[in-house]
Structures are given as C-alpha cells and as structure tokens.
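[1] model the structure of this input:
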Amino acid sequence: MIHVLDHGLATLSRGLVWCGGVLLVVLVGITCFEVIARAVGHPTAWVNDYTAYGLLASIFLSLPEITRRRGHVAISFLSDNLPGRLHFESIMQVIAAIALFFTVYLAAQIGVDQWRQGIETISATPIPKAWLTGFMCLGLGVSGLEFLMASVTSWADRSVCG
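    Reported below is the predicted structural model:
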C-alpha cells in the first residue's frame, strides 16, 4: 500500500515539475516576444508582471520533485556523524513535513482572505493574489507529502529488513 501511495505521489510530483518546465518555456517565449516588441517600438505592459508571476508558479510547481529527489539544500554534518542516522533522518523528515503543512495552513488562510477581499497584485497588470498563494500552497503541500512519504517508506523498509 505504501509503495502504491509513493508511486502516485511521485507521479504527481513529476507532473508538477513538467508543468513548471512548460511554464518556463512559455516565459522564455513571451520574454523574447517582449524584446522584439520593444525593438519595433511597441513594448507591452504585461510581460514583466506575468514573467514574475510565472516564475513564482514555476518554482513552487517544481519544488515537490526537487524534494522527492532530495535536491534541496541540507546541512548534514550532524546526521552524518550520529549513530542511528536513519532514525534521525526520518524524524527530521517528519518535522520538515509538519513545518510545511503548518505553513500551507497559514498560507491557505491568507489565500482565502485574499480571495474574499478581492486583493490583487500591485502591478501594471494585476491578478488576484490568491492565485499566487494557491501555487505556493500546492508546491509546499506536495513537498510536505514527499517528506512524509520518505519518512514512512524508510521506516517501512527498515521494519521489513530488520
């Protein structure tokens, strides 16, 4: 059962990173469009804002896959030098997951308030801030699930192996 959940979560993370990658390609395209538009004397007002929004979304869509692959920054001096290192890493993964879930909880409350109040970004082309908060919640939430799944699978593998 755990491996089925792990596979499903890995598929979700890979799908999100692909969405983030496609978004980056789109951002490069609209940035090139803006360069050409400026060269011919018709600059746009929306490209800079949407590029910033897209970069935020791309980062948070890619975060779960980076977490799954353990590509995040880690200071491992303590865990590398402790006996029973696997227990320490599993506990730290659970703590990281709890911290991310708490952050998602707080951000979701802020996002709901933003949505209810109709708060928009302050820019030439404003969008509802709740959209950006939603991308943050999605990326942080799935990253938290990745940390939790890593801890659960390491505990399950350890109990099976001895």
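[2] other SSEs contacting the helix-or-strand element of the chain with minimal mean pLDDT?
    One helix or strand of the chain scores below all others by mean pLDDT, DSSP states H and E: helix 77-80, with a mean of 71. Under the contact definition 3 or more C-beta pairs under 8 Å, 6 or more residues apart in numbering; DSSP states H and E, helix 77-80 sits against helix 85-117. For the C-beta atoms, the positions are set from N, CA and C on the backbone; glycine is no exception.
[3] chain center to the helix it packs on, what's the gap?
    The chain centre lies 12 Å from the centre of helix 85-117; the measure is C-alpha atoms, centre = their mean, to the nearest Å.
[4] what packs against the longest helix anywhere in the chain?
    In the chain, with assignment by DSSP state H, the single longest helix is helix 2-39. Applying 3+ C-beta pairs under 8 Å, 6+ apart, we find helix 2-39 packed against helix 47-68, helix 129-161.
[5] what packs against the longest one?
    With contacts taken as 3+ C-beta pairs under 8 Å, 6+ apart, helix 129-161 sits against helix 2-39, helix 47-68, helix 85-117.
[6] which of those helices is buried the deepest?
    helix 47-68 (a mean of 20; mean count of other C-beta atoms under 10 Å).
[7] report all helices and strands that that helix contacts.
    Using 3+ C-beta pairs under 8 Å, 6+ apart, helix 47-68 sits against helix 2-39, helix 129-161.
[8] how far off helix 2-39 does the last one point, in degrees?
    With axes from the mean of the first three to the mean of the last three C-alpha atoms, to 10 degrees applied, the angle from helix 129-161 to helix 2-39 works out at 150 degrees.
[9] average pLDDT across helix 129-161?
    Taken as a whole, helix 129-161 has a mean pLDDT of 88.
[10] next: the first one.
    For helix 2-39, the mean per-residue pLDDT is 95.
[11] distance from the chain centre to that helix, please.
    Helix 2-39 has its C-alpha centroid displaced from the chain centroid by 12 Å (C-alpha atoms, centre = their mean).
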